[in-house]
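**Q** Sequence and predicted model, in that order:
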Amino acid sequence: MGNNGDEPFLQAATRLGDFQLVIAHQAIYSSVGVKLIDSGVRVDSGLYDRLLNHKLRVPIENCLTAENSVTVDELRDHAERLVAERAFYGQLVADLGDRAILLAAIARIRQPDLGAMTFARSSF
């Protein structure tokens with residue numbers, strides 16, 4: 001049993017739920033079809049063991065919604081501000097090609113399906 005490598009994400013997601021709203025936006029099932037958590041249930045560290053002890057049908061990151069999430073556009077905008085306002089970061093991307101590469105890399109970050117777990121704004 002177990003999540004096959006999802007343990008660090010599961011631990012982070014359930015801990016986040018202790019101080020910020022994290023909701024299962026779809027029911028979470030084990031690989032054998034047992035419903036572990038119903039849709040709409042708040043997920044926090046109290047559910048960690050229940051989720052850890054089962055192989056899940058769908059990856060946990062596809063089942064959770066975190067309130068106040070950071071978008072890829074916000075990450076790109078923040079990177080642009082850092083480059084413009086802080087000499088250290090500006091030097092890292094001093095060549096215009098390097099700056100374009102950085103911003104293109106951020107833009108290529110796979111945006112999860114609507115409602116999927118993303119970075120919490122409070123840690124951004």
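**A** That came through fine.
**Q** rest of the way, CA atoms for contacts and neighbours
**A** Fine.
**Q** Okay, buried residues for the helix of greatest length in the chain please.
**A** Across the chain, the longest stretch assigned as helix under DSSP state H is helix 72-85. By 16 or more other Cα atoms under 10 Å, the buried positions in helix 72-85 come out as 72, 75-76, 79-80, 83.
**Q** Same question for stretch 29-45.
**A** Buried residues in stretch 29-45 (16+ other Cα under 10 Å): 29-30, 37, 42-45.
**Q** just the CA coordinates of that stretch, formatted as CSV?
**A** Once non-C-alpha atoms are left out, stretch 29-45 reads as follows in CSV (Å, rounded to 0.1, in the frame of the first residue of the first chain):
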residue,chain,number,x,y,z
TYR,A,29,-10.8,6.9,-4.1
SER,A,30,-8.3,4.1,-3.4
SER,A,31,-7.0,2.2,-6.4
VAL,A,32,-9.5,-0.6,-5.5
GLY,A,33,-12.5,1.8,-5.5
VAL,A,34,-12.9,2.5,-1.8
LYS,A,35,-14.0,6.1,-1.2
LEU,A,36,-11.5,7.7,1.2
ILE,A,37,-12.7,11.3,1.2
ASP,A,38,-15.9,12.8,-0.2
SER,A,39,-15.9,15.8,-2.5
GLY,A,40,-16.1,19.1,-0.6
VAL,A,41,-14.3,17.8,2.5
ARG,A,42,-11.6,20.0,4.0
VAL,A,43,-8.3,18.2,3.9
ASP,A,44,-5.7,18.7,6.7
SER,A,45,-3.1,16.8,8.6
